[in-house]
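# build me a model:
(one chain, ligands or ions: 2)
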Amino acid sequence: METGAGWRTISPGGVVTQAGNSVLYETGSWRTLRPIIHFDACSHCMICWLFCPDSAFLTEGKLLIGVDLEHCKGCGICAVECPKQCIEMVEEMAVRGGG
Ligand code: SF4
Ligand code: SF4
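Ligands and ions are numbered 1, 2, ... in the order given. Here you go, the predicted model:
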């Protein structure tokens, strides 16, 4: 998949005019919190998939298999909505080993 410009290359106040291109933009680079799914408690109900504003949940058939970290911006909506409370938001830099 082609990767579009990120926040570092778009001018302040810039306007994106091409509709339907959000998949080309990496929104995960400014994430400060990362969702970690505890699959042992997950019921694969897909509530998180439904609520995610970035369509960042990855599925295979009827199963949830992970998060697309290039597009997850760490809003935490999934963690709030998960009925099993099996999504934990953790500090991004701690996961990357930088903090
Ligand atoms: S909302 Fe929670 S239980 Fe449902 S699929 Fe997502 S992580 Fe699993
Ligand atoms: S933190 Fe926000 S953007 Fe990331 S997977 Fe959850 S709902 Fe989607």
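
# pretty sure residue 36 belongs to a strand, no?
Yes - remark: residue 36 belongs to a strand, assigned using DSSP: H, G, I helix; E, B strand; the rest coil.

# so who does it touch?
87, 88, 89, 90, 95 (CB atoms under 8 Å, 6 or more residues apart in numbering). The way it works is simple: take the backbone N, C-alpha and C, and place the C-beta from them, glycine included.

# also near ligand 1: which of those residues, exactly?
Residues of these in contact with ligand 1 (CB under 6 Å from any ligand atom): residue 87.

# got JSON lines for the contacts of residue 36, with secondary structure too?
Output for the contacts of residue 36, formatted as JSON lines (three-state DSSP):
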{"residue": "87", "secondary structure": "strand"}
{"residue": "88", "secondary structure": "strand"}
{"residue": "89", "secondary structure": "strand"}
{"residue": "90", "secondary structure": "strand"}
{"residue": "95", "secondary structure": "helix"}
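
# what's the farthest-apart pair in the contacts of residue 36?
87 and 95 (13.9 Å; CB to CB).

# who has more neighbours, these two?
The residue with more neighbours, out of residue 87 and residue 95, is residue 87; 22 against 13, by other CB atoms under 10 Å.

# beta partners for the more buried one?
Note on residue 87: beta-bridge partners residue 37, judged by DSSP bridges.

# can you tell me how far residue 63 sits from ligand 1?
9 Å (CB to the nearest ligand atom, to the nearest Å).

# list the contacts for that residue?
Contact analysis of residue 63 by CB under 8 Å, 6+ apart lists residue 44.
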